[in-house]
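Visitor: here you go, sequence then predicted model.
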Amino acid sequence: MEFCQGCGQLKGVKEYDDSLWDIYHRIDDGRSTWEPLVYTGEQYDESWDDDGETNYAMLAMEKDMHRRGLCTECGRPDLSRVDPEHIMSEEDAKEMHEMWAEQEAERRMGA
């Protein structure tokens, strides 16, 4: 068995991963719908410090992953900081995701 060095979770078991993502999409704060921070290749290449040791774009993307509740090593949900009371039922989650999708569509249309 292999474990992620970042979050300590089991790796390589599809059923386990599917369960992590199912729970992640039912967290009531909407983190699963937050758009990720993304840089272009050019921006990424230009974001190194003067010594070439630190890439600030990578640090920002890792911080964004952490904010969205994802492990910065394996990219899977890190549920260690989630209160079980904040996990919605499948029905409630579906309704909430439909509402968020409608709001996002309206925002993109400029409404």
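Guide: Perfect, I can see it now. Numbers count the residues shown, from 1 in each chain.
Visitor: pLDDT weak spots in the protein?
Guide: Filtered on pLDDT under 70, the chain yields the residue ranges 111.
Visitor: what segments of it are helices?
Guide: Remark: helices assigned in the chain by DSSP state H are 14-24, 41-46, 56-67, 90-109.
Visitor: can you give me the end-to-end span of stretch 81-98?
Guide: For stretch 81-98, the first and last residues are 25 Å from each other (Cα to Cα, to the nearest Å).
Visitor: buried sites along it?
Guide: 82, 87-88, 93, 96-97 (16 or more other Cβ atoms under 10 Å). In short, each C-beta sits where N, CA and C put it, glycine included.
Visitor: same question for stretch 43-56.
Guide: Judged by neighbour count (16+ other Cβ under 10 Å), stretch 43-56 contains these buried residues: Asn55.
Visitor: got the contact list for it?
Guide: 39, 57-58 (Cβ atoms under 8 Å, 6 or more residues apart in numbering).
Visitor: returning to that earlier point: export the helices of the chain as a markdown table, with columns for distance to Glu2.
Guide: Listed next are the helices of the chain as a markdown table, based on distance: least, Cβ to Cβ, whole Å:
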| stretch | distance to Glu2 |
| --- | --- |
| helix 14-24 | 12 |
| helix 41-46 | 28 |
| helix 56-67 | 20 |
| helix 90-109 | 30 |
